[in-house]
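Undergrad: Predicted model follows, preceded by the sequence.
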4 protein chains.
Amino acid sequence: MPAKKLSEAEVTTLLSKTKGWNLVNGKLHREFACKDFVSAFGNMTRVALVAEAMNHHPEWSNVWNKVVIDLNTHSVKGISDYDFVLAEKINEIFEPFPPLGLSGSGKASDLFGV
Amino acid sequence: MPAKKLSEAEVTTLLSKTKGWNLVNGKLHREFACKDFVSAFGNMTRVALVAEAMNHHPEWSNVWNKVVIDLNTHSVKGISDYDFVLAEKINEIFEPFPPLGLSGSGKASDLFGV
Amino acid sequence: MPAKKLSEAEVTTLLSKTKGWNLVNGKLHREFACKDFVSAFGNMTRVALVAEAMNHHPEWSNVWNKVVIDLNTHSVKGISDYDFVLAEKINEIFEPFPPLGLSGSGKASDLFGV
Amino acid sequence: MPAKKLSEAEVTTLLSKTKGWNLVNGKLHREFACKDFVSAFGNMTRVALVAEAMNHHPEWSNVWNKVVIDLNTHSVKGISDYDFVLAEKINEIFEPFPPLGLSGSGKASDLFGV
């Protein structure tokens, strides 16, 4: 399924439901601080696997424990549904501590969030 | 510091303090089941970074979400202190949920253990 | 497209065209020796990305510079077309120096240029 | 051994021997374009392993097949010998095609010989 360009209103609505992400320079933007380089790069590897499987890749940078990620979709010249799907998956990867009793899907507290 | 060969008694004592590991065919052995391939390979990448920095590498195999690890030390023809240091680090990597209130050191419950 | 089970004759024909792979215990099998752990694990990461994107994963093991890979397809209880596609991709990853003038892996010396 | 700060003259001399790197904003800088994301991230993983083992990490960013790397040394507030050691290792990782006649036999085991 090709990426679908989202309107400004759709982006605003989805951002309100997508923890930790903001719109910066026309891209979905989030910064993470991990425990150390090993944690940061392990998480980057998980994101890389997810991104390659989606054929939708982040713009990202890393300095030791910090990972900064920007998402947009070249084919639609803007933000698409793909960007929000990837943003949610990235949140799951970087936030591994689920509420106790849930199944490990990683949608919980922001222990690694900046 | 070169690896130091451990006696059978030392290995037995240390194994009793090293969660989830057993002696199998003369090697420290543990098997992990992760959520999926992405989690398994992300954890393997973290182990790879730690192992390369120690210059002490595991014998390991992977099938989708499963990771099987064996540790021993060629230079001492047996089990050394390095193997237990690496085993503890691997436990931290594969068991990311710390006791609440602790600082994220990852020494906690066995959510991903087999 | 679901994986398609291959007959014994089809496997034999395809194996003759797939450099370095043999049938061992009903699986496509190949062993690689890289320069060191860094090379071996870098190649494994590339295979992991390809495998996750195919949703078709190897059975594999690693000891320092050695990588041993077995491929088969659970859903067809045998060897499928997917296994040969992955085997070819793995060959490209581990053998980046193509014969000059042939395509297939490195494609040209300018690929890695600035 | 702690990192040793290099003088401007030392940096200039070493840069002339370090292929592809320039001084940009007080940091060693190089940009690489790989075949695709799989190649780029595989190379990043190899750099990550080398960097963690040196305990000297790059500032870097990636967009699909592009990898941009900046190196400097916080502890000396400038460029150190570590930066040039890492720059050379990065060159080896991203430029795997040796001059013909130097160990390019096509076997994985000697593909990466320096």
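TA: Perfect, I can see it now.
Undergrad: Only C-alpha atoms from now on, for both contacts and neighbour counts.
TA: Will do.
Undergrad: all helices of chain A, in order?
TA: Taking DSSP state H as the criterion, chain A contains helices spanning A:8-16, A:37-54, A:81-94.
Undergrad: Return the residues in contact with the residue of chain A found nearest chain C.
TA: Minimum separation of chain A from chain C (Cα to the nearest Cα) falls at residue A:53, amounting to 3.8 Å. Neighbour list for residue A:53: C:49, C:52, C:53, C:54 [criterion: Cα atoms under 8 Å, 6 or more residues apart in numbering or on different chains].
Undergrad: try residue A:63
TA: D:57, D:58, D:59, D:60.
Undergrad: Skipping adjacent residues, who's closest to the last one in space?
TA: In space, residue D:60 comes closest to residue D:69 once its chain neighbours are excluded; the distance is 4.4 Å by Cα to Cα, 6 or more residues apart in numbering or on different chains.
Undergrad: Can you give me the separation between the one you found and residue D:86?
TA: Distance, residue D:69 to residue D:86, using Cα to Cα, to the nearest Å: 11 Å.
Undergrad: Next: residue A:28.
TA: In this view, residue A:28 and residue D:86 are 32 Å apart by Cα to Cα.
Undergrad: Name the residue in those two with the higher neighbour count.
TA: The neighbour comparison of residue A:28 against residue D:86 (other Cα atoms under 10 Å in any protein chain shown) goes to residue A:28, with 22 against 19.
Undergrad: so what's that one closest to, chain neighbours aside?
TA: Residue A:28's closest residue in space is residue A:71 (Cα to Cα, 6+ apart), at 4.9 Å.
Undergrad: Help me confirm that the one you found comes into contact with residue A:30.
TA: No: contact criterion Cα atoms under 8 Å: residue A:71 and residue A:30 do not qualify, at 9.1 Å.
Undergrad: These two: which has the busier surroundings?
TA: For residue A:71 versus residue A:30, neighbours defined as other Cα under 10 Å are more numerous around residue A:71 (26 against 22).
Undergrad: Let me see the contact set for the more buried one.
TA: Residues in contact with residue A:71 (Cα under 8 Å, 6+ apart) are A:27, A:28, A:29, A:57, A:58, A:59, A:79, A:83, A:87.
Undergrad: Output the residues you listed as CSV; include the columns pLDDT.
TA: Below are those laid out as CSV (pLDDT from 0 to 100):
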residue, pLDDT
A:27, 98
A:28, 98
A:29, 98
A:57, 98
A:58, 98
A:59, 98
A:79, 98
A:83, 98
A:87, 98
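Undergrad: Spell out which residues of chain A are next to chain D.
TA: For chain A, the contact set with chain D under Cα under 8 Å from any Cα of the partner chain comprises A:37-38, A:41, A:48, A:52, A:57-64.
Undergrad: Quick one, grab the pLDDT at the residue of chain A found nearest chain D.
TA: Nearest residue of chain A to chain D, counting by Cα to the nearest Cα: residue A:61, 3.9 Å away. pLDDT for residue A:61: 98.
Undergrad: Give me the below-cutoff pLDDT ranges for chain A.
TA: A:96-114 (pLDDT under 70).
Undergrad: Contact partners for the nearest residue to residue A:6 once chain neighbours are set aside?
TA: The shortest distance from residue A:6 to any non-neighbouring residue, by Cα to Cα, 6+ apart, is to residue A:80 (5.2 Å). Taking Cα under 8 Å, 6+ apart as the criterion, residue A:80 is in contact with A:3, A:4, A:5, A:6, A:72, A:73.
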